[in-house]
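Trainee: 3D, please:
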Amino acid sequence: MAGDTLLRPHVSPRTPPSGRADRISRLGCVAAAFVLLWMAAAQPAVAAPGYWTIIGHQFGPVASMDAAQAEALTGRRLFLDNETIAFESASCAIVPTLTDHDAATYFADNFRVTPQSLGHKAPKVFVIETGCDIPGLSSLLLLDDGRMCFSRDGVFFFLSEELE
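Mentor: Residues are numbered from 1 along each chain as shown. So this is what the prediction gives:
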C-alpha cells in the first residue's frame with residue numbers, strides 16, 4: 001500500500017551472530033573512534049574507508065523519486081575514504097567532519113521523520129559532513145544499528161559496509 005511505505009522499510013534484517021554478542025562490529029569501532037575524535041575536538045573526522053553497498057531504501061514524507069528509481073539504486077556501491085567519495089560515475093574530494101545532533105530534532109527539522117521510523121533509537125545521531133556535491137552525499141548519517149544512510153530526493157538509502 002502506498003500509504004504505509006514509511007512504516008515498512010526495504011532493508012534486510014541484520015541479526016548479530018549467535019554467541020558473539022560481545023563482539024563489536026567494525027563499524028561500531030569506527031563510530032567509537034568518531035566519538036573519541038569529536039570529544040577531543042579533533043577535526044577532520046576519518047570516515048570508514050572502503051566500499052559500501054546500498055542495501056535498502058525508505059521513502060520520506062515528500063519524495064521526488066518513484067519506487068522504480070529508488071529500487072534501481074539498491075545494490076549499487078559507493079567508495080568512501082578520508083579524501084574521496086565515488087558513486088556511479090561521479091566522484092568528489094572531501095574533508096569529512098563529524099557532528100552530533102539530538103536525533104529527534106535533527107530528523108524532524110531536516111527530514112520531517114522520527115529517528116525511530118528509520119530504526120534509530122539512540123538520543124543522538126552522528127553526521128559525517130562531507131561537502132560532496134554528488135546528490136545526497138553531502139551528509140552521511142551513522143545509525144545506531146551499524147548502518148549508514150543518506151537522503152536523496154526524499155528517499156533514505158541505507159548502506160552496509162563491505163567487509164573483506
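Trainee: helices of this structure, start to end?
Mentor: With helices called from DSSP state H, the chain shows them at 26-39, 67-73, 103-111.
Trainee: for this protein, which spans come out with low pLDDT?
Mentor: Along the chain, the parts satisfying pLDDT under 70 run over 1-47, 164.
Trainee: please name the residues that touch Ile94.
Mentor: If you count contacts by C-beta atoms under 8 Å, 6 or more residues apart in numbering, Ile94 has them with Asn82, Glu83, Thr84, Ile85, Thr130, Gly131, Cys132. Just so you know, the C-beta spots here come from the backbone N, C-alpha and C atoms, and that holds for glycine as well.
Trainee: 10 Å - rerun?
Mentor: Residues in contact with Ile94 (C-beta atoms under 10 Å, 6 or more residues apart in numbering) are 44, 47, 80-85, 128-134, 137-138, 140.
Trainee: quick check: closest non-adjacent residue to it.
Mentor: The shortest distance from Ile94 to any non-neighbouring residue, by C-beta to C-beta, 6 or more residues apart in numbering, is to Thr130 (4.3 Å).
Trainee: kindly list the longest strand within the chain.
Mentor: strand 50-59 (DSSP state E).
Trainee: wait, isn't Gln69 in contact with Gly154?
Mentor: No. Using C-beta atoms under 10 Å as the test, Gln69 is too far from Gly154 to be in contact (11.1 Å).
Trainee: between the two, which contacts overlap?
Mentor: Ala63.
Trainee: quick one: Ala103 from Ala122, how far?
Mentor: Ala103 sits at a distance of 6 Å from Ala122 (criterion: C-beta to C-beta, to the nearest Å).
Trainee: who has more neighbours out of the two?
Mentor: For Ala103 versus Ala122, neighbours defined as other C-beta atoms under 10 Å are more numerous around Ala103 (22 against 12).
Trainee: which residues touch that one?
Mentor: 114-116, 118, 120-126, 141, 143-144.
Trainee: and those residues, which is closest to Met65?
Mentor: Taking C-beta to C-beta as the measure, Leu118 is the one of these closest to Met65, at 16.6 Å.
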